[in-house]
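Colleague: Requesting a structural model of the entry that follows:
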Amino acid sequence: MKSETFPRGLVISFMLLIINLLCFSHLHAKSPNVLVILVDDLGYGDLGVTGAPDVKTPHLDALFASGVRVEDFHANCPVCSPTRASLLTGLYPDRAGVPGVIRTPLPEQTTSWGNLRDDVVMLPSLLKTAGYQTGIVGKWHLGLEKPDRPNDRGFDHFHGWLGDMMDDYLTHRRHGINYLRLDEQEIDPQGHATDLFTDWAIDFIRSSRSGDPEHPWFLYLAYNAPHTPIQPPLEWLERVKAREPGMSEQRAALVALIEHLDDGIGRVLSHLKSSGEADHTFILFTSDNGGQVEVGARNAPYRGGKQEMWQGGLRVATCASWPGHIAPGTEARGAVSLSMDIFPTVAAVAGVSAPDGIDGRSFLPQLLGELFSPPERDLFWVRREGGPKYGGLDYHAVRRGDWKLFRNTPFEPYQMVNLKNDPAESQPVPREKAPKVYGDLLKALQGHVFESGNVPWR
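Modeller: Now for the predicted structure:
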C-alpha cells in the first residue's frame, strides 16, 4: 500500500510555526525584572564617575561601568514632584497636572502646586498588563489622599513615604506628621530613612516570585537622599572628615550623605547578584533634578542647580544596565532624553506598547547601541511656585537643537544660549543677534503653554 506523505509546503509551514512559538516562549522567559532607582537632588558632578574629587561612590561607579552612561539626559523639571509625575506618566509635568511641587499641607498656607491627573495610565498599571508585580519603595510625592496614593495608581506594593521632604531622616516626620506607609497602613519604624528604604527594597525583591517568567517584578526605588536635611549617620560623617580634613562642615555632611546612599544602593545590587536576579534585571539610575548649591552640591561642569533652568538644575547623571543586552562601559550620546522618556523605554524593555498620546519616546535603541536617529523635537521645562520670588506663576525653558531659551523666575527676561558653543551658559546670545531663533523658540513655548493649559493642576 502506498504510504501517504504531507505536502512539503505544509511541513515547512508547520516547522516555522513551531520555531516561532519556541522563539516567543524564549523571549517571554527572558522578560526582565525592572529596577528604576531615582535619587533626590543629586548633583551631576557628585559621583566618582562624573568627576567628583572628594566623593567615594564605588557602587554607583560600578553600576555605570556595568552598562551604558546616558550622557545627554535631563530631568523634566529642576524640582521634585513634576519630574516624578513625568517619569511615571510619560507626559510633560504640566500635561500630567503637576507643574510644581505637591506639598504636605501647612495651616493657612497655599503651598501645593499640582494634582496628578486621574485619567492617565501610570507605568505600574501598564506593566501589570504584562504580568509584572509592581512595587514602590521610598518617596512618592504625588499625593496624600485617594485616588492619588501609590496603591491607587497601579502599584501592588508600597513601602515608603507619601509626602515631600522629611524634616528628619531618623524621626520621619513632616510638620510633625508621619507619612510613612506600608501600603495604606501608617507605620513608625526606627532607623535612618536611607537604610529603611534599602532594607525594604531587598524585602520586595526577596518576596517577589523571583525566577518566574510569568511574573517578573518592577521596583521603583525612590530614595529621599541626598535631599535636605543633610543628615548622614554620624559614623559616615566622621569617616569623611577623617579622610578629607580640609573639607568644610557643609560639604562633608553632604558627601557623607551621598556615600551612605551609595552604600545602600550597593546593598540592593549585591542582593540581586546573590539571589541570581542580576542577570535578568534591567536597571536604570537617575536623579529627579540637579543638586542644591546652597547645601554644597556640585553640579560641575554645569551652571546653577536645583530650582534653576540652568543645565545644573536639569542635567542629571544617568545610566542603564542589562546584562547580555547592554554592552558594559559604553556611552550613549547624541539624542537628548528626559525623565518622561523612561516610561516608554521601560515599556519597550517589558515588551508592551506605551499608550498613544504620551510625550516621551523610548531611547532603548540608544541603550542597546543600535542606530538611534529619532526626529528632532522641541523640549520644554516648566515649574510653578509660590512666594515672593515666583508669585504662584510658571517659569520655563525650551530647547530646539542646541538653542535654549529660558528664565529662572517669572519676573526676569528670557535668556538665550547655544549649548554647543557655550555649554557653561555664560555667554547669552542677545535677541537682536538671532531674532528668528528667539522668535521661533518663544512661539514653540507659547504653543506648549497653550496646550498644557487644558490640564487643571488643582
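Colleague: In three-state terms, label residue 94 for me.
Modeller: Recorded secondary structure, residue 94: helix (DSSP: H, G, I helix; E, B strand; the rest coil).
Colleague: Make sure residue 446 is indeed in a helix.
Modeller: Yes. Counting by three-state DSSP, residue 446 is found in a helix.
Colleague: ok, how many other residues are close to it?
Modeller: Per other Cβ atoms under 10 Å, the neighbour tally for residue 446 reads 12. In short, each C-beta sits where N, CA and C put it, glycine included.
Colleague: Tell me who's in contact with it.
Modeller: Not one residue lies near residue 446 by Cβ atoms under 8 Å, 6 or more residues apart in numbering.
Colleague: Provide a complete list of residue ranges assigned to strands in the stretch 351-458 of the chain.
Modeller: 379-385, 393-400, 403-406, 415-418 (DSSP state E, counting those that start in this stretch).
Colleague: So, low pLDDT: which residues of the stretch 301-450 of the chain?
Modeller: In the predicted model of the stretch 301-450 of the chain, no residue satisfies pLDDT under 70.
Colleague: deepest of the strands of the stretch 351-458 of the chain, which one?
Modeller: strand 379-385 (a mean of 24; mean count of other Cβ atoms under 10 Å).
Colleague: And that strand, what does it pack against?
Modeller: strand 393-400, helix 435-452 (3 or more Cβ pairs under 8 Å, 6 or more residues apart in numbering; DSSP states H and E).
Colleague: one more time with 6 Å, if that's ok
Modeller: Where contact means 3 or more Cβ pairs under 6 Å, 6 or more residues apart in numbering; DSSP states H and E, strand 379-385 is packed against strand 393-400.
Colleague: Would you reformat the strands of the stretch 351-458 of the chain as a markdown table and include distance to residue 336?
Modeller: Shown next, in a markdown table, are these (distance: least, Cβ to Cβ, whole Å):
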| stretch | distance to residue 336 |
| --- | --- |
| strand 379-385 | 6 |
| strand 393-400 | 7 |
| strand 403-406 | 11 |
| strand 415-418 | 14 |
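Colleague: To residue 81, which of these lies closest?
Modeller: strand 379-385 (9.8 Å; Cβ to Cβ).
Colleague: Between strand 393-400 and that closest one, find me the angle.
Modeller: Strand 379-385 and strand 393-400 are oriented at 170 degrees to each other (axes from the mean of the first three to the mean of the last three Cα atoms, to 10 degrees).
Colleague: Using CSV, write out every CA atom in strand 379-385.
Modeller: Extracted as CSV, the C-alpha positions of strand 379-385 are listed here (Å, rounded to 0.1, in the frame of the first residue of the first chain):
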residue,chain,number,x,y,z
LEU,A,379,11.8,70.1,24.6
PHE,A,380,10.1,72.0,27.3
TRP,A,381,10.6,72.5,31.0
VAL,A,382,8.1,74.1,33.5
ARG,A,383,7.9,74.9,37.1
ARG,A,384,5.2,76.7,39.1
GLU,A,385,5.9,78.0,42.6
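Colleague: Show me what that strand is in contact with.
Modeller: The set of residues external to strand 379-385 that reach it, using Cβ atoms under 6 Å, 6 or more residues apart in numbering, is 77, 79, 93-94, 99-100, 113, 394, 396-399, 448.
Colleague: quick check, nearest of these to residue 233?
Modeller: Closest approach between these and residue 233, by Cβ to Cβ: residue 79, at 26.3 Å.
Colleague: Check the gap between the closest one and residue 41 for me.
Modeller: Separation of residue 79 from residue 41 (Cβ to Cβ, to the nearest Å): 9 Å.
Colleague: avg pLDDT for the host helix or strand of residue 198?
Modeller: In the assignment (DSSP states H and E), residue 198 maps to helix 193-207. Computed over helix 193-207, the mean pLDDT rounds to 98.
Colleague: So which elements touch it?
Modeller: So helix 193-207, by 3+ Cβ pairs under 6 Å, 6+ apart, packs with strand 133-139, helix 249-274.
Colleague: between the ones you listed, which one is nearest to residue 32?
Modeller: Closest among the helices and strands packed on helix 193-207, once you apply Cβ to Cβ, is helix 249-274, at 11.6 Å.
Colleague: the inter-axis angle of that closest one versus helix 193-207?
Modeller: Going by the same axes, to 10 degrees, helix 249-274 makes 10 degrees with helix 193-207.
Colleague: what packs against the next helix or strand after helix 249-274?
Modeller: Using DSSP H and E, the helix or strand that directly follows helix 249-274 along the chain is strand 281-287. Counting contacts by 3+ Cβ pairs under 6 Å, 6+ apart, strand 281-287 is packed against strand 33-39, strand 319-321.
Colleague: got any ranges where the stretch 101-250 of the chain has weak pLDDT?
Modeller: Filtered on pLDDT under 70, the stretch 101-250 of the chain yields the residue ranges 107-110, 209-213.
Colleague: in it, which spans are strands?
Modeller: Remark: strands assigned in the stretch 101-250 of the chain by DSSP E, counting those that start in this stretch are 133-139, 157-161, 180-182, 185-186, 217-222.
Colleague: possible to save these as a markdown table with distance to residue 250 and mean neighbour count?
Modeller: A markdown table is the format used below for the strands of the stretch 101-250 of the chain (distance: least, Cβ to Cβ, whole Å; neighbours: other Cβ atoms under 10 Å):
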| stretch | distance to residue 250 | mean neighbour count |
| --- | --- | --- |
| strand 133-139 | 23 | 26 |
| strand 157-161 | 25 | 25 |
| strand 180-182 | 28 | 17 |
| strand 185-186 | 34 | 10 |
| strand 217-222 | 25 | 26 |
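Colleague: thinking again about what came up before, neighbour count: residue 79 and residue 41, which is higher?
Modeller: The neighbour count for residue 79 versus residue 41, taken as other Cβ under 10 Å, is higher for residue 41 (27 against 24).
Colleague: Alright, that wraps it up for me.
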